[in-house]
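Colleague: Give the three-dimensional model of this entry:
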Amino acid sequence: MIIVVMVMTSVFVTASLLSSILVRDMKSLRIVFDANRAFYAADSGVEWRMYEIMRNATTTGPVMINGSSCCQIDCGGGIGGPCTPTEQGNSIFFTIKSLGETTSTYDMIIKRGIETNLY
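Modeller: I've put the predicted structure just below:
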């Protein structure tokens, strides 16, 4: 009888330990997934602004259907301002900074940013 109780107790403790580890790892994995959505939103903002600069056109920004949002973009004129080129030697380039964000499954706002230079 005592052996059965000891075996059942050890099975219960092992199962509880494994389930707590699994839940913690699943939460971490979900946060990483949400961070990727924010990163790709920021990347979309950079691509959008690069397209506008290269085509010398004004277009509407990207629309995210996965719950993330874009585009807090700064390319020399402040967030939302016009793109202003920078001169360095004989080169003219634009520095583009984009911020993407998403709301995590765990009620956190995750933000990821990208900065790139367009020569």
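Colleague: Wait, Thr95 touches Gly76, no?
Modeller: Yes: using C-beta atoms under 8 Å, Thr95 is in contact with Gly76, at 6.3 Å. Any C-beta I mention is one placed from the backbone N, CA and C, and that applies to glycine too.
Colleague: if I look at those two, which residues touch both of them?
Modeller: Thr86 (C-beta atoms under 8 Å, 6 or more residues apart in numbering).
Colleague: Share the number of residues neighbouring Asp50, please.
Modeller: For the record, residue 50 is Met, not Asp. 17 (other C-beta atoms under 10 Å).
Colleague: All further residue positions should be reported with the first residue as 59.
Modeller: Taking 59 as the first residue, the last one we looked at is Met108.
Colleague: How far away from the center of its chain is the lengthiest strand in the chain?
Modeller: Looking across the chain with DSSP state E, the single longest strand is strand 149-161. In terms of C-alpha atoms, centre = their mean, to the nearest Å, the centre of strand 149-161 is found 13 Å from the chain centre.
Colleague: Now whatever helix or strand comes next after it: buried residues?
Modeller: Following strand 149-161 in sequence order, the next helix or strand is strand 167-176 (DSSP states H and E). Buried residues in strand 167-176, counted by 16 or more other C-beta atoms under 10 Å: 168-172, 174, 176.
Colleague: other SSEs contacting strand 167-176?
Modeller: Strand 167-176 is packed against helix 60-113, strand 149-161, with contacts defined by 3 or more C-beta pairs under 8 Å, 6 or more residues apart in numbering; DSSP states H and E.
Colleague: Report the contact partners of the most centrally placed residue in the chain.
Modeller: Nearest residue to the geometric centre of the chain (C-alpha atoms, centre = their mean): Ala96, 2.2 Å. By C-beta under 8 Å, 6+ apart, the contact set of Ala96 is 126, 158-160, 168-170.
Colleague: So what touches the helix or strand of the chain with the lowest mean pLDDT?
Modeller: Of all helical and strand segments in the chain, the minimum by mean pLDDT, DSSP states H and E falls on strand 144-146, at a mean of 80. By C-beta under 8 Å, 6+ apart, the residues outside strand 144-146 that reach it are 134, 150-153.
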